[in-house]
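Asks: The following block contains a protein sequence and its predicted model.
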Amino acid sequence: MIKYLGSKRVLVPRLVAAFGALPRVRTVLDLFSGTSRVGHALKRAGLRVTANDHLAFAHTLARCYVAADARRLRRPAERLVAELARVAPAPGWFTATYCERARFFHPRNGARIDAIREAIAARGLPPDLEAIALVSLMEAADRVDSTTGVQMAYLKRWAPRALHDLELRVPDLLPGPGDALRLDAVEAARRVEADAAYLDPPYNQHSYLGNYHIWESLVRWDKPPVYGAACKRVDCREYHNPFNSRRGIRGALAEVLRALRARWIVVSFNDEGYLSRSELEALLGERGHVEVAEFDFKRYVGAQIGIYNPRGEKVGRVSHLRNREFLFLVGPDRAALRRARAAIGVEQLALF
């Protein structure tokens, strides 16, 4: 799956264990699904998942990894990906914007991305099959990008992987049903009734639209006007999410919690967020008992590399290289929550 700030890759087994230990959980609402890494793992574990995210690229990932049924779509997907891999390169808007004006991708790969994306658009594919094709392209591009993991800037010199040839692969499709929504979080919480809900909301100033604007444009294929050295979509300037606001996040989360139609709630957060552990416990306590698992966690790759100015010169110092990740378990039965917390395996605190 794509590189993603705040990815729960190393926490996935613990999350699956927690949901598996909660009583009578068969359906889960993943309210801020992002890459759908968690929703995908929960579907693999046999749960019926509804994944929701209001960004187009995240919704596309959810259609592929949660909603698409491999029993029906694997063979058509294999044929489609093989056909797209043979499309001749043809540089266009993507190459001009993200390979020449900016340098996120080598122009050789940009020309292939342009041509494959135009081919997908021309085919008029069914939604789930189109999502699979788009995810295949998005992940192929992610493997040959020249960034530290986010699209706020590109590396001064080509990353070694950027010189590799773009390679399409069929995503890891799973058999069985699932659902993907593209709704505001409160609307999705009101609409979907589930046994349990998983919340991994934005928690500080980092906007996922700004950090992954290229994927948004690649999926929408609206070829928008762009600005700045990173060639961000112009709508990044007007985009406002209350979860990215110190003043707005508490009220936004409280509204979501009031709207949720789920017996059990699992929330991911960390100590770089705008809400403290005690503030979150107070908010979540309005929905039932609260148990907390806490982990020591390695920060994202950009923090490991350091801070650089536009000339590529290292400036300043990174304040810290590790943080604390929290999993809040919420529900009506404290004994059940404690069993779920034990299933997480909190005796192993350091995550790398």
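Replies: Structure received.
Asks: When you work out contacts or count neighbours from here on, use the C-alpha atoms and nothing else.
Replies: Fine.
Asks: Could you point out the helix or strand that follows the helix or strand that contains Val135?
Replies: Using DSSP states H and E, Val135 maps to helix 127-143. Per DSSP H and E, helix 127-143 leads on to strand 179-181 as the next helix or strand towards the C-terminus.
Asks: who does that following strand pair up with?
Replies: Sheet pairing of strand 179-181 (DSSP bridges) gives strand 48-52 (parallel).
Asks: who touches the strand it pairs with?
Replies: Contact with strand 48-52 is made by 26-33, 36, 39, 42-43, 59, 62, 66-67, 177-183, 185, 188, as judged by Cα atoms under 8 Å, 6 or more residues apart in numbering.
Asks: do stretch 261-273 as well
Replies: Contacts for stretch 261-273 (Cα under 8 Å, 6+ apart): 22, 189-190, 192-201, 203-204, 277, 323-332.
Asks: got the buried residues for it?
Replies: Arg261, Ala262, Arg263, Trp264, Ile265, Val266, Val267, Ser268, Phe269, Asn270, Gly273 (16 or more other Cα atoms under 10 Å).
Asks: Filter the contacts of stretch 261-273 down to just the ones in strands.
Replies: The strands, defined by DSSP state E, take in 193-199, 323-331 from these.
Asks: I'd like to know which of the residues you listed are buried.
Replies: 193-199, 324-331.
Asks: of all those residues, which two lie farthest apart?
Replies: Checked with Cα to Cα, these reach their widest spread between Glu193 and Arg324, with 30.9 Å between them.
Asks: Could you pull out the strands in the stretch 201-350 of the chain for me?
Replies: With strands called from DSSP state E, counting those that start in this stretch, the stretch 201-350 of the chain shows them at 226-227, 232-233, 261-270, 289-298, 322-331, 350-351.
Asks: The third one pairs with which strands, parallel or anti?
Replies: In the sheet containing strand 261-270, the strands it pairs with under DSSP bridges are strand 193-199 (parallel), strand 322-331 (antiparallel).
Asks: returning to what we had before: the contacts of strand 48-52 in strands, which ones?
Replies: Members of those lying in strands (criterion: DSSP E): Thr27, Val28, Leu29, Asp30, Asp179, Ala180, Leu181.
Asks: From the structure, what's the count of residues near Val99?
Replies: Heads up, residue 99 is Cys, not Val. Using other Cα atoms under 10 Å, Cys99 is surrounded by 19 other residues.
Asks: What residues does it make contact with?
Replies: Phe105, His106, Pro107, Gly110.
Asks: In a helix, it, correct?
Replies: Yes. Counting by DSSP: H, G, I helix; E, B strand; the rest coil, Cys99 is located in a helix.
Asks: Can you tell me how far Glu53 is from Ala189?
Replies: Careful, residue 53 is Asp and not Glu. For Asp53, the distance to Ala189 (Cα to Cα, to the nearest Å) stands at 11 Å.
Asks: Name the residues contacting each of these two.
Replies: Shared contacts of Asp53 and Ala189 (Cα under 8 Å, 6+ apart): Leu31.
Asks: Count the residues that sit near Thr27.
Replies: Thr27, neighbours per other Cα under 10 Å, totals 21.
Asks: just checking, it touches Ala196?
Replies: Yes. Shown here, Thr27 and Ala196 form a contact pair, counting by Cα atoms under 8 Å, at 6.5 Å.
Asks: what's the weakest-modelled helix or strand in this protein?
Replies: strand 350-351 (a mean of 36; mean pLDDT, DSSP states H and E).
Asks: returning to that earlier point: what's the PyMOL line that selects buried ones from the contacts of Cys99?
Replies: In PyMOL syntax, the buried subset of these is picked out as below (16+ other Cα under 10 Å):
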select buried, resi 105+106+107+110
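Asks: tell me the SS of Val87?
Replies: coil.
Asks: oh, and call the first residue 45 from now on, that's how I've got it
Replies: Sure thing, new numbering starts at 45, so read that last one as Val131.
Asks: wait, doesn't it sit right on Ile160?
Replies: Yes. Using Cα under 8 Å, Val131 makes contact with Ile160 at a distance of 6.3 Å.
Asks: and Tyr198, how many neighbours does it have?
Replies: Around Tyr198 there are 22 other residues, counting by other Cα under 10 Å.
Asks: That one - nearest residue in space that isn't next to it in sequence?
Replies: Distances taken as Cα to Cα, 6 or more residues apart in numbering place Thr191 nearest to Tyr198, at 4.7 Å, with adjacent residues excluded.
Asks: residues in contact with Asp172?
Replies: Arg107, Cys108, Ala111, Ala112.
Asks: domains of this protein?
Replies: Using automatic domain parsing, the domains assigned to the chain come out as 45-111+220-246+286-390, 114-216+254-284.
Asks: Have a look at Val131 and Ile160 and say which one is more surrounded.
Replies: Ile160 (25 against 15).
Asks: Would you agree that one falls within a strand?
Replies: No. Applying three-state DSSP, one finds Ile160 to be helix, outside a strand.
Asks: Alright, that wraps it up for me.
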